[in-house]
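**Q** Here is a sequence together with a model predicted from it:
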Amino acid sequence: MPVEQVQTLIIGGGQAGLAMSHRLKQRGLAHLVLERHRIAERWRSERWDGLRFQFPNWSMRLPDFPFPHTDPDGFATSGDILDFISAYAAFVAPPIRCGVAVTSLRCRDGASGFVAETSDGVIEADNVVVATGPYQRPIIPALLRDDATVFEVHASRYTNPDQLPSGAVLVIGSGASGAQIAEELLCAGRRVYLSLGRPAHPPAAPIPRARSDLVVERHGYRPNPGGSARTTAIAAGDNRRLWRPHHRLPPLRR
């Protein structure tokens, strides 16, 4: 099978890959985009039902393509973001192949450039842009893996409170996903424990009309000496630093 040659290979068909394709097209530079699933796949299959984007609408835009909105201080849903990226893909019209996974990438032997092994054959490129996003491997603490009584799910597979069995919930990780899921569960009437990698510090000034920047701003933290058995654990991080069992806040309460 002949080896395909391209000037620039872009790996990933999300917003970063699309933006790079747009800039290369503007400069008349030949390139190819490979996406292992569908455009914006993670926004299609790895977001929970009630997600709100962590930045306000006024701050969102892609190159030459602003985010359409009627409320600049509002927060977009995952469906809004998917529609936005899909519309941007139609605007850019990139040379993209979906359903093609890159399985390995190496330097050319004795020459400049790269060799990409893909599910559709070998591609050699003078330049490669890896636009797959920073967090690829979900981290679930090993401490709970042997406890069959605990239901575990990573944030990328969490959908809504009804997905979880009854009882309290431990949310591991206090980033945007962890804080927002903790608030959603709290509003659904669950007892929520939020485990942090390091002490959290609320911002000096709240973002105008913010919905859920930090759970502490809306609900606060109160001691709960008794508590109930924790029956569910949600890992909401991709970085092992999020898991430090000795740093715990008291359970969240209304």
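**A** Looks like it arrived, so ask away.

**Q** Would you mind giving both backbone torsions of residue 18?
**A** Main-chain torsions, residue 18, degrees, to the nearest 10: phi -70, psi -40.

**Q** Quick check, pLDDT for it.
**A** For residue 18, the model assigns a pLDDT of 97.

**Q** How much space separates it from residue 123?
**A** Separation of residue 18 from residue 123 (C-beta to C-beta, to the nearest Å): 19 Å. Glycine gets a C-beta too; all of them are placed from N, C-alpha and C.

**Q** One more: residue 174?
**A** 40 Å.

**Q** Tell me which of the two has more neighbours.
**A** Taking neighbours as other C-beta atoms under 10 Å, residue 174 and residue 123 compare with residue 174 leading, 24 against 21.

**Q** Around the closest residue in space to that one that isn't next to it in sequence, how many other residues sit close by?
**A** Excluding the flanking residues, the one nearest residue 174 by C-beta to C-beta, 6 or more residues apart in numbering is residue 196, at 4.6 Å. Under the neighbour criterion other C-beta under 10 Å, residue 196 is assigned a count of 18.

**Q** cool, and residue 105?
**A** Neighbours of residue 105 under the rule other C-beta under 10 Å: 16.

**Q** Now it. Its backbone dihedrals?
**A** phi -140, psi 130.

**Q** On the pLDDT front, check it for me.
**A** At residue 105, the model reports a pLDDT of 96.

**Q** what's the spacing between it and residue 35?
**A** Computed as C-beta to C-beta, the residue 105 to residue 35 distance reads 15 Å.

**Q** Please apply the same query to residue 18.
**A** Look at residue 18 and residue 35: by C-beta to C-beta, they are 10 Å apart.

**Q** hey, where'd the helices end up in the stretch 1-150 of the chain?
**A** With helices called from DSSP state H, counting those that start in this stretch, the stretch 1-150 of the chain shows them at 15-26, 41-45, 78-92.

**Q** Identify whichever of these lies nearest to residue 147.
**A** Among the helices of the stretch 1-150 of the chain, the nearest to residue 147 by C-beta to C-beta is helix 41-45 (27.5 Å).

**Q** now the closest one: how far from the chain's centre is it?
**A** Offset of helix 41-45 from its chain centre (C-alpha atoms, centre = their mean, to the nearest Å): 9 Å.

**Q** Name the residues that touch that helix?
**A** 13-14, 35, 37-38, 78, 81-82, 85, 133, 156 (C-beta atoms under 8 Å, 6 or more residues apart in numbering).

**Q** Since that was my last question, I'll sign off now.
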